[in-house]
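Asks: Need a 3D model of the following:
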Amino acid sequence: MKIFVLNAGSSSIKYQLFNMETKKVLTFGIVEQIGEPLGRIKYKWLGSNDDLQEGAKDGYFEDHSAGLKRIFEITQKLGIIHDLGDLCGVGHRVLHGGEAVWKPTLITKKVVSVIEEMIPLGPLHNPANLKGINFMLEMAPDLPQVAVFDTAFGQTMPAYAYHYALPDTFYRDLRIRRYGFHGTSHFYVSKQAALLLGKPHENCNLITMHLGNGSSCTAIKNGKCIDTSMGLTPLEGLIMGTRCGDLDPAVIPYIGKNLGLSYDQLDSILNRESGLKGICGTNDMREIKRLAASGNMNATLAIEMFCYRIKKYIGAYYAAINRVDAIVFTGGIGENATCVRKLACSELEHLGIIIDEERNNKLSTEARVISTDDARVKVLVVPTNEELEIAQQTLETINKHKQSDGFPCNE
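Replies: Coordinates of the predicted model:
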């Protein structure tokens with residue numbers, strides 16, 4: 001039972017192919033620099049002895065269709081699938097479905113239309129997501145395909161959490177509200193955290209932090225999202241690799257007037273030249289730690305600012321949830337940067353948050369507890385797996401519909 005998971009970006013395609021009976025990834029990879037003179041596909045696959053092998057090829061990929069064709073050519077050549085009929089279904093990561101479509105759903109013309117309507121709210125991602133969807137619909141029109149929305153988990157927020165204090169017509173006419181992103185990751189790690197805590201997911205109160213080049217924090221009460229740091233777009237909230245996060249709105253027109261910048265230029269600065277990169281010149285936390293260790297004051301400042309913003313959100317969401325079972329770190333930085341976890345949780349002992357130094361410093365790829373045994377609030381590190389979550393939601397959605405809609409799942 002094989003599920004193909006597709007994440008089409010503006011100039012790239014990430015993919016994974018799962019055997020859902022074993023939850024193993026049979027092959028995964030990325031096509032990069034689509035539309036540029038020289039692109040590249042990098043891929044890995046399980047060999048006959050379950051050993052991971054890898055390959056890469058340079059080439060020109062005119063568009064997403066060319067990239068996807070190459071993916072399936074390689075996958076077939078490796079003998080992982082014979083043709084698209086070997087697949088049970090395809091799961092598409094889609095950024096934005098607005099309020100119209102947000103639960104995992106079989107892709108129809110109506111769903112495609114909704115994703116198109118949401119392009120103004122996801123101008124970089126939704127068009128790319130649609131390219132992957134349209135190609136797969138053309139290649140395999142009878143294969144069940146499911147859209148899994150990045151904004152889905154945030155749809156359980158109460159109105160007082162997702163509304164902005166703007167004229168109500170902005171919400172009604174322009175759909176301006178807090179949506180939240182990284183929802184698939186927050187949902188996945190919250191379920192894994194529940195397993196680690198030995199509690200039903202619906203009884204868990206958590207603060208989950210997906211920390212990477214894009215970073216977000218989510219308050220989860222009784223298994224449901226009640227607030228999240230990203231807003232209408234992924235720009236709001238925590239300091240990120242190249243995004244500024246929370247900002248006084250008056251800063252934007254002030255910069256524009258004084259430097260004579262257009263809205264497009266301001267948008268580019270806030271999204272691509274700010275955050276950690278704006279503070280110290282790089283958005284790679286590994287390099288920032290190295291620079292800080294060598295005495296670079298801006299790098300030290302960047303780490304301190306990054307962790308202080310996280311700490312503020314922990315405090316705010318602690319108040320919103322009232323009873324917290326665990327703080328959960330995930331994402332590239334959250335899973336690997338021990339100093340970030342330590343600083344973000346420092347001086348929070350009065351809230352019952354106490355990190356064990358030895359546990360925090362221990363390197364591991366497993367979900368684990370890094371707080372002290374007597375800490376009232378557990379601190380966890382849980383590796384995220386958004387692709388597996390998409391695959392699981394895809395299979396569940398197909399199984400719900402296969403009897404009534406006649407979608408057989410190929411064994």
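Asks: List the contacts of the residue nearest the centre of the chain.
Replies: For the chain, residue 182 is the residue whose C-alpha lies nearest the centre (Cα atoms, centre = their mean; 3.5 Å). Counting by Cβ atoms under 8 Å, 6 or more residues apart in numbering, residue 182 touches 150, 210, 214, 216, 218, 230. Backbone N, C-alpha and C define where each C-beta goes, glycine included.
Asks: Which ones among these lie within strands?
Replies: 210, 216, 218 (DSSP state E).
Asks: and the longest helix for this protein?
Replies: Secondary structure of the chain per DSSP state H: the longest helix is helix 297-321.
Asks: Next one: the residue of the chain positioned farthest from its centre from residue 251, what distance?
Replies: Relative to the mean C-alpha coordinate of the chain, counting by Cα atoms, centre = their mean, the farthest residue is residue 258 (35.4 Å). Using Cβ to Cβ, to the nearest Å, residue 258 is found at 11 Å from residue 251.
Asks: Check residue 270 too.
Replies: Applying Cβ to Cβ, the value for residue 270 to residue 251 is 9 Å.
Asks: and if you look at residue 219?
Replies: Residue 219 sits 26 Å away from residue 251, going by Cβ to Cβ.
Asks: What segments of the stretch 51-200 of the chain are strands?
Replies: 52-59, 87-94, 105-106, 145-149 (DSSP state E, counting those that start in this stretch).
Asks: Contact partners for residue 65?
Replies: Under the criterion of Cβ under 8 Å, 6+ apart, the neighbours of residue 65 are 131, 135.
Asks: go on, residue 377?
Replies: Residue 377 touches 324, 325, 326, 327, 351, 352, 353, 371, counting by Cβ under 8 Å, 6+ apart.
Asks: Give me the local confidence score for the closest residue in space to residue 119 that isn't next to it in sequence.
Replies: Once flanking residues are discounted, residue 119 sits nearest to residue 126: 4.7 Å by Cβ to Cβ, 6 or more residues apart in numbering. Reading off the confidence values, residue 126 has pLDDT 93.
Asks: My guess is residue 126 contacts residue 117. True?
Replies: No. Contact criterion Cβ atoms under 8 Å: residue 126 and residue 117 do not qualify, at 9.2 Å.
Asks: So those two - more neighbours on which side?
Replies: Using other Cβ atoms under 10 Å as the criterion, residue 126 and residue 117 rank with residue 126 on top: 21 against 16.
Asks: residues touching the more buried one, list them.
Replies: Here residue 126 is in contact with 94, 95, 96, 115, 116, 118, 119 (Cβ under 8 Å, 6+ apart).
Asks: I'd like the residues you listed as a markdown table, with distance to residue 365, pLDDT and neighbour count appended.
Replies: Shown next, in a markdown table, are the contacts of residue 126 (distance: Cβ to Cβ, whole Å; pLDDT from 0 to 100; neighbours: other Cβ atoms under 10 Å):
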| residue | distance to residue 365 | pLDDT | neighbour count |
| --- | --- | --- | --- |
| 94 | 28 | 96 | 34 |
| 95 | 28 | 93 | 24 |
| 96 | 31 | 92 | 24 |
| 115 | 34 | 95 | 27 |
| 116 | 39 | 95 | 11 |
| 118 | 35 | 92 | 25 |
| 119 | 37 | 92 | 16 |
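Asks: Out of those residues, which is nearest to residue 359?
Replies: residue 95 (35.4 Å; Cβ to Cβ).
Asks: Next, give phi and psi for that closest one.
Replies: phi -70, psi -60 (degrees, to the nearest 10).
Asks: packing partners for the longest helix of the chain?
Replies: strand 206-210, strand 216-221, strand 224-228, helix 275-280, helix 285-293, helix 338-345 (3 or more Cβ pairs under 8 Å, 6 or more residues apart in numbering; DSSP states H and E).
Asks: Tell me which of those sits most buried.
Replies: Compared across the helices and strands packed on helix 297-321, strand 206-210 shows the largest average neighbour count, a mean of 29 (mean count of other Cβ atoms under 10 Å).
Asks: strands paired with it, and their directions?
Replies: If you go by DSSP bridges, strand 206-210 pairs up with strand 216-221 (antiparallel), strand 326-330 (parallel).
Asks: Tell me how far the first one lies from the chain's centre.
Replies: Centroid separation between strand 216-221 and its chain, computed with Cα atoms, centre = their mean, to the nearest Å, is 13 Å.
Asks: now swap in the last one and tell me
Replies: Strand 326-330 has its average C-alpha position 15 Å from the chain's average C-alpha position, going by Cα atoms, centre = their mean.
Asks: contacts for it?
Replies: Taking Cβ under 8 Å, 6+ apart as the rule, strand 326-330 contacts 185, 189-190, 193, 197, 204, 206-211, 314, 335, 341, 345, 353, 377-384.
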